[in-house]
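1. test case, fold it:
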Amino acid sequence: MIKYSLFLVVFTIFMMCFFSFVACAEESSNKEDGTVGPNTDTKEALLYLYGDAEGISTKEFENAAWVYYEGYDETIKSIENTEAGASGSKKYLSLTGNASNQGDAVGGWARKADDTSSLIDIARCDRLIFSAKVPEAIATGNTKATSIQWGIEDDKKNSKKITVTTPTLITRWQKYAISLTDFSAEGINLSHIVAIQYALAEKTNQIDIDEVYIADCTDVAVIAPKKEIALLKGRELVFSDEFDADTIDSTIWRFDTDSSANQAGWGNNELQWYTDKNAYTQDGALVIEAKYETMGGKQYTSSRLHTHGNLTVHYGIIAARIKLPENDSGQTDASAWPAFWTLGVNFNGWGHDTFGGTVAWPHSGEIDIMESNYKDFGYTRTLSTVHWGNGNQKGLGTPAYYGGNTSLQDGTSQYHVYAVEWTEKEMKFYLDYELFHTHNILNPDTNQEEFTRPHFLLLNVAVGSATTPFIGGMPDSSRYPQKMYVDWVRVYK
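-> Sure thing, here's the model as predicted:
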């Protein structure tokens, strides 16, 4: 899943479609000259493929505007065609194959092969729409249908191609639509798209296309490439775990299963017993599963993973894409407490485990990149908090913490990116690349030496009790198991 100059190429599978099949022609607002009028749903559209590849645009086809797949430019015909395009413009694409190579005319929008940031989220959009017609010269005396294939690929290289067949005699612009659910049903992650491609399906036929766009988006703001690119510009990806392997990478992640710390409730009166059995990889994600089962005198089990001894982080951007446990049923809550966070490498593990550190919490420092599903916040917010000793060990002050939170309405049904940008001066916390909280490390009224040293990463799902901070009640055991899904963890310098 790690994401300038070569482009992604071809998808593999396709389905044939003709009128009543998967993709179908829509009624078009044909003018007297046979062209389709300007689209009325542009305000709900996303990613005009022939426009600005980073956002909404209504540009016509132009050499400078279309993002070609490198090496296929020579097959794109009639860019300077003087006929009217679907919107009455003077530009459109005319795709032509040849007798020896099926689908010679190939193109579309894609991120570059070594680009790690340009992802498009179309999960809240319904259709891929395009206008097409067959040139009269091709239609005359030709009984063979013309087909165009549309493919979508996600950042895990899952791809799907759907074929739309146009009647040979259709020489006027006609609008066609493909339901995006036909792609998601095949396992395509529509929230992490890296390529949208077209290809002429026949060897000899020709088809003209115009006005290609993703439509009926309930929230155009879900697209994040510009924000993501801005945040990661000039950064180097120095670590990534995409959880694509069949098992958890033990060279990166270790399980924290200390029996003394388990018995002590991990300093928060937590109800779970951490094991090395409650975390696993599945369908390209890390799953941490909290269960209602007895172990070590506790009624719940879960897992807590960390990178101590394997990976440290010290400044840079630390990010993870996570889907949270489904805590709230409207009537009862599960009190599951998911977290993505860091601790200083000199942490002594509450004096219980084998980290080998010499400093007690919070003097090691703690950076909570994501904590969520707190009952006190109605399960609709995510929190980021920084904890430090404030010089208390040296008699300079008392331990301190400072944090912020932001709205998170669909954290249990959708993946979101949680990140911190950590410098020697400050920490900036982001939800889906939107800044929501800043912490000043150099505040003259504090002593924050904890954040001048390396930290290690942690991922866990705790089970809170009535006396666990912010949880506010005992869990409803019928709501278990509870699962947190982690799509990836990445570190940029």
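
2. got a pLDDT number for the residue nearest to residue 388 when sequence neighbours are not counted?
-> Leaving aside its sequence neighbours, residue 388 sits nearest to residue 450 (CB to CB, 6 or more residues apart in numbering; 4.6 Å). In short, each C-beta sits where N, CA and C put it, glycine included. Residue 450 carries a pLDDT score of 93 in this model.

3. mind listing what residue 313 touches?
-> 239, 342, 422, 454, 455, 456, 457, 491 (CB atoms under 8 Å, 6 or more residues apart in numbering).

4. can you pull the contacts of residue 253?
-> Counted by CB under 8 Å, 6+ apart, residue 253 has contacts 241, 305, 306, 307, 310.

5. hmm, try it at 7 Å
-> 305, 307 (CB atoms under 7 Å, 6 or more residues apart in numbering).

6. ditto for residue 442
-> residue 425.

7. please repeat the previous calculation with a cut-off of 10 Å.
-> For residue 442, the contact set (CB atoms under 10 Å, 6 or more residues apart in numbering) comprises 423, 424, 425, 426, 448, 451.

8. which of the residues you listed sits closest to residue 157?
-> residue 423 (33.9 Å; CB to CB).

9. ok, and the closest non-adjacent residue to the closest one?
-> residue 315 (5.9 Å).

10. for residue 426, see how far away the residue nearest to residue 201 when sequence neighbours are not counted is.
-> Using CB to CB, 6+ apart and skipping the chain neighbours, the partner closest in space to residue 201 is residue 147 (3.6 Å). Taking CB to CB, to the nearest Å as the measure, residue 147 falls 55 Å from residue 426.

11. between those two, tell me which one has more neighbours.
-> Neighbour count, other CB atoms under 10 Å: between residue 147 and residue 426, residue 147 has more, with 20 against 14.

12. so the more buried one sits in a helix?
-> No: going by DSSP: H, G, I helix; E, B strand; the rest coil, the assignment for residue 147 is strand, not a helix.

13. quick check: bridge partners of it?
-> residue 165 (DSSP bridges).

14. repeat for residue 132
-> Here residue 132, judged by DSSP bridges, has bridge partners residue 174, residue 209.

15. and if you look at residue 161?
-> residue 151.

16. is it true that it touches residue 152?
-> Yes: contact criterion CB atoms under 10 Å: residue 161 and residue 152 qualify, at 8.2 Å.

17. looking only at neighbour counts, state which of those two leads.
-> residue 152 (29 against 21).

18. contacts only, for the residue lying closest to residue 292 once chain neighbours are set aside.
-> Nearest residue to residue 292, sequence neighbours excluded (CB to CB, 6+ apart): residue 480, at 3.9 Å. Contacts of residue 480 were listed using CB under 10 Å, 6+ apart, and they are 289-293, 299-302, 325, 334, 336, 463.

19. at 8 Å what do you get?
-> Applying CB under 8 Å, 6+ apart, the residues near residue 480 are 290, 291, 292, 300, 334.

20. what is the nearest of those to residue 414?
-> Nearest member of those to residue 414, counting by CB to CB, is residue 334, at 18.5 Å.

21. wait, doesn't that closest one sit right on residue 483?
-> No: between residue 334 and residue 483 there is no contact under CB atoms under 8 Å: 10.8 Å.

22. which one's more surrounded, the two?
-> In terms of neighbours (other CB under 10 Å), residue 334 is the more surrounded of residue 334 and residue 483; the figures are 26 against 21.

23. look up phi and psi at the more buried one.
-> phi -90, psi -10 (degrees, to the nearest 10).

24. mind pulling up the pLDDT for the closest residue to it other than its chain neighbours?
-> Excluding its sequence neighbours, the residue lying closest to residue 334 (CB to CB, 6+ apart) is residue 479, at 3.8 Å. Residue 479 carries a pLDDT value of 89.

25. hang on, residue 479 packs against residue 291?
-> No: look at residue 479 against residue 291 with CB under 8 Å: they stay out of range, at 11.3 Å.

26. wait, which of the contacts of residue 313 is closest to residue 156?
-> residue 239 (18.2 Å).

27. what about the closest one, how many residues close to it?
-> With other CB under 10 Å as criterion, residue 239 counts 17.

28. and it, what is it in contact with?
-> Here residue 239 is in contact with 311, 313, 489, 490, 491 (CB under 8 Å, 6+ apart).

29. if I look at the residue nearest to residue 388, how far off is residue 360?
-> Taken as CB to CB, the span from residue 450 to residue 360 is 12 Å.

30. neighbour count winner among the two?
-> residue 450 (25 against 15).

31. so how far is residue 237 from that one?
-> Distance from residue 450 to residue 237, by CB to CB: 26 Å.

32. could you do residue 485 as well?
-> Residue 485 is 21 Å from residue 237, by CB to CB.
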